[in-house]
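S.K.: Kindly return the folded structure for what I paste below:
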Amino acid sequence: MPDADTVIAELEHIASPAARAGIQRFFKGGDPKTTTLGVPFGHVFQVAKRNADLDLDQIERLLDDNRYEIRMAAVAIMDAKARRKRLPDGERKALFDLYLRRHDRINNWDLVDRAAPHVIGEYLIDKDRAVLDKLARSTDPHERRTAIVSTHALLKRGEVTDTFRIAAILADDSDPYIQKAVASWTREAGKRNESALIDFLNRNRNRLPRTTVTEASKNLPKDIRRRLPT
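M.R.: Now for the predicted structure:
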C-alpha cells in the first residue's frame, strides 16, 4: 500500500527548481511558511491518481507538509476517493470530516476548488446543508470559498437554492476570490434558473460589487443586463 512517504518521494523526484517561481505565484493563501517544490500541477495530479488508495492518516500527513504541491496532492487524492461511486458511506463521511477538521491546511483557492465539490458537496446531497451556512460566515476566506464552491454538486442536479442562499451571505464579501466564486457559481445557477439569478442580482443590488454583477450576468440576454443594477 502507498504511504505519504511514497507520494512525497515521487514529487521530489520530478521537481524542477526552475519551475518554483511560476508555481508559487498561484499561491494566494498568505501563509509565509508555504514553499514550493517546482512540480507542475498536471504531474501532481498524475501522482495523486497513482496513489489514490492512500489511507486517511497518510493524507493528513501530506496536508501537514508546508510544500504547496504536496498539499495539492493530498486534496487531489481526497477528490479521487470522493468521486468513487461505490465508496462506502463511512469512508465518504471520514473524507468530509478530514476536510473540515484540517481546513487550516486547505488554505488556497485552488486547494478548495480541487476537493470541495466532491468531498463536501456530494456528501451533502441527501443531508442537511446548514454546515455551508456556517462556513459562509467563517472569518477564514478559504472556508467561505468552500461554502459556495461545494454547491457545484447540487447545481449538477439542477438544485439552485443553496447556491443563491450562500451567495447572498457572501454578497458583500471583501475578498476578491470569494467574489469571483460568487460570480461564477451564480452564473452557473442562472443556466438552470434564469429568473432566480435575476432575482438574486436585484435583491442584492446594494451589496454586490459591480464586477460580480457583470460576471454573474454575462450569459443573460442584453436587454435584461441593461436593466440590472450597476
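S.K.: Tell me the buried residues in the helix ranked longest in the chain?
M.R.: Longest helix of the chain, by residue count under DSSP state H: helix 176-192. Neighbour-count burial for helix 176-192, with 16 or more other CB atoms under 10 Å as criterion, is recorded at 177-190. The C-beta positions use only the backbone N, C-alpha and C, and glycine is treated the same way.
S.K.: Between which two of the residues you listed is the distance greatest?
M.R.: With CB to CB as the measure, no two of the buried residues of helix 176-192 lie farther apart than 177 and 190, at 20.4 Å.
S.K.: What values do phi and psi take at the spatially most central residue of the chain?
M.R.: Nearest residue to the geometric centre of the chain (CA atoms, centre = their mean): residue 113, 2.4 Å. Backbone torsions for residue 113, taken as degrees, to the nearest 10, come to phi -60, psi -30.
S.K.: got the contact list for the nearest residue to it once chain neighbours are set aside?
M.R.: Using CB to CB, 6 or more residues apart in numbering and skipping residues adjacent in sequence, the residue nearest residue 113 is residue 149, 5.7 Å away. Contacts here follow CB atoms under 8 Å, 6 or more residues apart in numbering; on that basis residue 149 touches 112, 113, 116, 117, 121, 181, 185.
S.K.: Tell me the secondary structure of the first one, please.
M.R.: Following DSSP: H, G, I helix; E, B strand; the rest coil, we place residue 112 in the helix state.
S.K.: List the residues that contact it.
M.R.: By CB under 8 Å, 6+ apart, the residues touching residue 112 are 106, 142, 145, 146, 149.
S.K.: now these as CSV including pLDDT?
M.R.: Converted to CSV, the contacts of residue 112 look like this (pLDDT from 0 to 100):
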residue, pLDDT
106, 97
142, 97
145, 98
146, 98
149, 98
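S.K.: what comes up buried for stretch 140-153?
M.R.: Here stretch 140-153 shows 141-153 as buried, counting by 16+ other CB under 10 Å.
S.K.: Between the residues you listed, which sits nearest residue 101?
M.R.: residue 143 (12.0 Å).
S.K.: correct me, but the closest one touches residue 135?
M.R.: Yes: the pair residue 143 and residue 135 qualifies as a contact (CB atoms under 8 Å) at a distance of 4.7 Å.
S.K.: ok so, going back, contacting residues around the longest helix of the chain?
M.R.: Residues contacting helix 176-192 (CB under 8 Å, 6+ apart): 28, 109, 141, 144-145, 148-149, 151-152, 155, 158, 160, 163-164, 167, 170-171, 173, 196-198, 200-201, 208-209, 211-212, 214-220.
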